[in-house]
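Engineer: make a model of this:
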Amino acid sequence: MNVTNLIIFVLFGLLGLISILYFVVAYGEYTDWMELLEFGITSETTEKIVEIMLFLISGIIYIGLIIWILKVRTSQKIPYVICISISAVLIFIYIASRTVGVPIVGTEFYIGRLDWISKIVQVLIIGLSGLVLYKISKHVPTQNKTFLSKS
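Structural biologist: Numbering: from 1, shown residues only. Sure thing, here's the model as predicted:
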């Protein structure tokens, strides 16, 4: 197995992990929302729905990226650019939500363990995707090589 394939395998793991993290956070937001509704608090409904949708869509996008990268391996750069872009945008949204606030949600004050883990994973996704892009631009693989072939 060559280095690029190893990097891609690690990237798969990180993309899968970040998907799971986003689904866990979405479920947590959903249970929080249900508790608020049980107490008759409906003022945060829009905020909770926006957060749940953001987390669910993010998780689904990362799963889509796994499938896309599995299909194209190193023949396309686009999925790696999207990995970098999506992760950077989500980090930016997170920082904005903790500092200046974002529309509908406002400013969040809680910074939890999953927040830290997800941002570290996203930074690693950005770094590994950038490394794969560098490897692709440095060496264009031939079409008849398989994904697990030795180089």
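Engineer: my read: Asp115 touches Ile95, true?
Structural biologist: No - when contacts are counted by C-beta atoms under 8 Å, Asp115 is not listed as touching Ile95 (10.8 Å). Every C-beta, even on glycine, is put in place using the N, C-alpha and C of the backbone.
Engineer: quick one: which of the two has more around it?
Structural biologist: Ranked by neighbour count (other C-beta atoms under 10 Å), Asp115 and Ile95 place Asp115 first, with 16 against 11.
Engineer: show me the contacts for Leu128.
Structural biologist: Leu128 makes contact with Ile7, Val10, Leu11, Leu14 under the criterion C-beta atoms under 8 Å, 6 or more residues apart in numbering.
Engineer: packing partners of the one helix or strand the last one maps to?
Structural biologist: Using DSSP states H and E, the element containing Leu14 is helix 3-38. Contacting helix 3-38 under the criterion 3 or more C-beta pairs under 8 Å, 6 or more residues apart in numbering; DSSP states H and E are the following elements: helix 45-72, helix 78-98, helix 113-138.
Engineer: what about the ones you listed, which gets the closest to Gly106?
Structural biologist: helix 45-72 (7.2 Å; C-beta to C-beta).
Engineer: buried set for that closest one?
Structural biologist: 47-48, 51-52, 54-56, 58-59, 61-63, 65-66, 69 (16 or more other C-beta atoms under 10 Å).
Engineer: and what of stretch 117-136?
Structural biologist: Buried residues in stretch 117-136, counted by 16+ other C-beta under 10 Å: 118-119, 121-122, 124-126, 128-129, 131-133, 135-136.
Engineer: kindly report the same for stretch 99-110.
Structural biologist: Under 16+ other C-beta under 10 Å, the buried positions of stretch 99-110 are Val102, Val105, Glu108.
Engineer: same question, stretch 12-28
Structural biologist: Applying a neighbour-count criterion of 16+ other C-beta under 10 Å, one finds Leu14, Leu15, Leu17, Ile18, Ser19, Leu21, Tyr22, Phe23, Val25, Ala26 buried in stretch 12-28.
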